[in-house]
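In: after the sequence you'll find the predicted model.
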Amino acid sequence: MSHLDHRNEERPQGSLRSSLHGKGLPLILEDLKNLAPAIAAIFVYGLVTHLIFGRFCPMLILTGFPCPGCGMTRALFLVLTGHFSSAWKLQPLIWGWILLAAAFGIRRYLIGKKMSSKEKNIWLLAFGFLLAGSLVLYGYRIFTGFPDGIAGQGKTIWKVLEELVLKFR
């Protein structure tokens, strides 16, 4: 074995820095490259819907009624800006989604080993619990009322169409 052959051997995960620079950073960049069309489409959708409707949620735009995930994006921004109690009031499940995303990022980009079928089932179960929790919270809010501002200001598609009809009459 030459002195260069050690580069091809599996190295133990000695530190965060070696893990991220080893396989993690190239994998992050590859994932971003692969997701670029979807990220661009979401950005364009967000821009267009905010300009026309003043909203992002398709259910709010179509029906005027909040969806199970309404407020999730705003709750994330509240968490990122340090408004933790406001985020909790708006969408308490944001904390579960943040923990799941962080665990996924650590698993994918730092640990980086192949996932067993048992591990996949655990991830699906965690994801399923969060989705079920979202539906339970939604059902609760349907009967008790949604928090103030969860739907935000904005127009439905029907309001925009009505304004167009009136404008061109």
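Out: In hand now; what should we look at? Here the structure is a predicted model, which means the values were calculated and not measured.
In: where in the protein is pLDDT low?
Out: Within the chain, the stretches with pLDDT under 70 are 1-22, 152.
In: which residues are contacting stretch 139-158?
Out: The contact list for stretch 139-158, computed with CB atoms under 8 Å, 6 or more residues apart in numbering, reads 52-55, 60-66, 70-71, 74, 89-91, 163. Every residue, glycine included, has its C-beta placed from N, CA and C.
In: can you say which of those residues are buried?
Out: Listed as buried from the contacts of stretch 139-158 are Phe53, Arg55, Leu60, Ile61, Pro66, Cys70, Gly71, Arg74, Lys89, Leu90, Gln91; burial here means 16 or more other CB atoms under 10 Å.
In: tell me which element the closest residue to the last one other than its chain neighbours is part of?
Out: What that stands for is Gln91. Leaving aside its sequence neighbours, Gln91 sits nearest to Ala75 (CB to CB, 6 or more residues apart in numbering; 3.8 Å). For Ala75, the host element (DSSP states H and E) is helix 72-80.
In: which parts of that helix are buried?
Out: Met72, Arg74, Ala75, Leu76, Leu78, Val79.
In: circling back: in helices only, show me the contacts of stretch 139-158.
Out: Among the contacts of stretch 139-158, the members falling in helices are Ile52, Leu60, Ile61, Leu62, Thr63, Arg74, Lys89, Leu90, Glu163 (criterion: DSSP state H).
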